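**Q** coords below, sequence missing:
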């Protein structure tokens, strides 16, 4: 079985994330959407790890080969535990690539049995990030075009001005 891990903070999951997850689900037998704990983003987190996992479960409920999990340790150790063969990362711009390329090399060194697969984002999602969603929502803007409908009201109620 070909297992891929799609890691991220997903705070909150956006339509851009969902696009990458859907496309990865067509390439692999199983995709684990891994909500990672990022200590550097702790102060700006709007949603708990459990809430983020619940959001992802809701927006992927029609995808049979998606699993949702969380991790606070090294991604390489998680890959080893799950016997994953790939890490799937979405790229919006060249600036994303520089950081993700470094991470791919580090992960390859730590766990040589997994490859990093980069999927370029769809053109309509190139500007989209969880940070953008949080900022627009906290200022009372319309985020309906940025997040899946199933979680829109949850995000709006948490981030309302």
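**A** Here it is on my side, so go on. Everything numeric in this text was worked out from a predicted model, so none of it was measured.

**Q** Where does the prediction get shaky in the protein?
**A** Residues of the chain meeting the criterion pLDDT under 70: 38, 40-43.

**Q** where do the helices sit along it?
**A** 15-27, 49-59, 75-82, 94-110, 130-138, 149-159 (DSSP state H).

**Q** how about these, which one is nearest residue 6?
**A** Across those, residue 6 has its closest neighbour in helix 15-27 (5.6 Å, C-beta to C-beta). Every C-beta, even on glycine, is put in place using the N, C-alpha and C of the backbone.

**Q** what would the helices of the chain look like in a markdown table with mean neighbour count?
**A** Formatted as a markdown table, these follow (neighbours: other C-beta atoms under 10 Å):
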| stretch | mean neighbour count |
| --- | --- |
| helix 15-27 | 19 |
| helix 49-59 | 19 |
| helix 75-82 | 17 |
| helix 94-110 | 13 |
| helix 130-138 | 18 |
| helix 149-159 | 15 |
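
**Q** of all these, which lies closest to residue 118?
**A** Among the helices of the chain, the nearest to residue 118 by C-beta to C-beta is helix 94-110 (6.8 Å).

**Q** and the angle from the closest one to helix 75-82?
**A** Between helix 94-110 and helix 75-82, the angle formed by their directions is 60 degrees, by axes from the mean of the first three to the mean of the last three C-alpha atoms, to 10 degrees.
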